[in-house]
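[1] What follows is a protein structure lacking sequence information:
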């Protein structure tokens, strides 16, 4: 139940961020960004926003687990979720734009497929942490 609710909330938040970013930075045709690149950036924004939210939930779950059971295993789970969260933050197109890089992902599906697989792994880890 918690995993499903977290996934639903993450989806809604990611859609909201994607729509907001699209309207602010990607929609005006005067920007000269090809439509294919706009779609790829939107997919990348959605997936990385989704991953960031779920990783925050997962890290919170691991923090509470570590407080109850402080050992090397729970500490390593916390460090892995922190590393994945840093990965999601640094791969987010908005963060890249904030640091002065243009909003252009690697063209093609391989620009966002790794993030999609990380998202699946996060959902599995979140499910495992709740059972």
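    In hand now; what should we look at? As the structure is a computational prediction, the values presented were derived from the model and not from experiment.
[2] got the buried residues for stretch 115-130?
    Neighbour-count burial for stretch 115-130 flags 115-116, 118-119, 122-123, 125-126, 129 (criterion: 16 or more other C-beta atoms under 10 Å). The way it works is simple: take the backbone N, C-alpha and C, and place the C-beta from them, glycine included.
[3] if you average pLDDT over that stretch, what comes out?
    Per-residue pLDDT values over stretch 115-130 give a mean of 85.
[4] any idea how far that stretch is from the chain center?
    In terms of C-alpha atoms, centre = their mean, to the nearest Å, the centre of stretch 115-130 is found 11 Å from the chain centre.
[5] Not counting that stretch itself, show me its contacts.
    2-3, 6-7, 44, 47-48, 50-51, 54-55, 57-58, 61-62, 65, 77, 81, 84, 87-88, 91 (C-beta atoms under 8 Å, 6 or more residues apart in numbering).
[6] Next, the buried residues of the host helix or strand of residue 43.
    If you go by DSSP states H and E, residue 43 is part of helix 35-68. Using 16+ other C-beta under 10 Å as the test for burial, helix 35-68 gives 37-38, 40-55, 57-59, 61-62, 65.
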